[in-house]
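Undergrad: Sharing a model prediction with you, sequence too.
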Amino acid sequence: MSIHQTVQTELNRLICPSTDPQQITAADGPHEFVCDLVGLDSLGCAFTRFELRHAKLTNATLEQLKKTAEQLSTRLTYLLEAIRPVEIDADACVVQLRSVPPHKSDTGTSYYELHVARGGRLTLVRYQATPGQSRVAIPAQVTREVLGRLVQDFAAVA
């Protein structure tokens, strides 16, 4: 069974509808997936952390991580905003991607932030920044279909 199928099976086992915190964990060969949900219904979900670990990237070079980040940015065209690499930390061996441009509203700015890190960890979180305050992680709301697509795309690039 693929990681996508395993995640879908685990998602279907969770309490639905729910606004209680729940977690999806799944493993398939080289992939380990964790997603912290704060909302789930028959059409969609809200997550505060989406993380896929891939064994092939455990000892990845910075160049391999850059390539993975570029591949993700070309695949993730279905999110609210486009995702592009914005920073490379050679010391920590992490490539950071963000929404470009971020979503701006009267309440502040919201955006996705994605890290591609040595150790094989690919993490996606949504943030909101309000003027004069520190940014805070907020739930990313996606359909079940988009969640499945994220799993497939993250697994495909690693």
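TA: Looks like it arrived, so ask away. Numbers count the residues shown, from 1 in each chain.
Undergrad: Just give the closest residue to the residue sitting nearest the centre point of the chain, not the sequence neighbours.
TA: For the chain, L124 is the residue whose C-alpha lies nearest the centre (CA atoms, centre = their mean; 2.7 Å). Spatially, and ignoring its direct neighbours in sequence, L124 is nearest to F50 (4.2 Å; CB to CB, 6 or more residues apart in numbering). The way it works is simple: take the backbone N, C-alpha and C, and place the C-beta from them, glycine included.
Undergrad: so is the residue located most distally from the centre of the chain in a helix, a strand, or just coil?
TA: Distance to the chain centre peaks in the chain at G132, reaching 26.6 Å (criterion: CA atoms, centre = their mean). Judged by DSSP: H, G, I helix; E, B strand; the rest coil, the three-state class of G132 is coil.
Undergrad: Quickly note the distance from it to S110.
TA: 16 Å (CB to CB, to the nearest Å).
Undergrad: Secondary structure element holding E10?
TA: Using DSSP states H and E, E10 sits within helix 3-13.
Undergrad: Let me know the average pLDDT across the very next helix or strand once past that helix.
TA: Once helix 3-13 ends, the next helix or strand along the chain (criterion: DSSP H and E) is strand 22-28. The average pLDDT within strand 22-28 is 96.
Undergrad: CA atoms only for strand 22-28, dumped as CSV, please.
TA: Coordinates of the C-alpha atoms in strand 22-28 are reproduced here as CSV (Å, rounded to 0.1, in the frame of the first residue of the first chain):
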residue,chain,number,x,y,z
GLN,A,22,-6.3,14.3,16.3
GLN,A,23,-3.2,12.9,14.6
ILE,A,24,-2.6,10.9,11.5
THR,A,25,0.5,8.8,11.5
ALA,A,26,1.5,6.5,8.7
ALA,A,27,4.6,4.7,7.4
ASP,A,28,5.3,3.0,4.2
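Undergrad: quick one: contacts of it?
TA: Defining contact as CB atoms under 8 Å, 6 or more residues apart in numbering, one finds that strand 22-28 is touched by 1-3, 6-7, 9-11, 14-15, 32-37, 40.
Undergrad: let's go with 7 Å and repeat that
TA: Residues from elsewhere that reach strand 22-28, judged by CB atoms under 7 Å, 6 or more residues apart in numbering: 1-3, 6-7, 10-11, 14-15, 33-37, 40.
Undergrad: With stretch 61-81 instead?
TA: 57, 83-85, 88, 90, 93, 95, 97, 99, 101-103, 111-112, 114, 116, 118, 146, 149, 153, 157-158.
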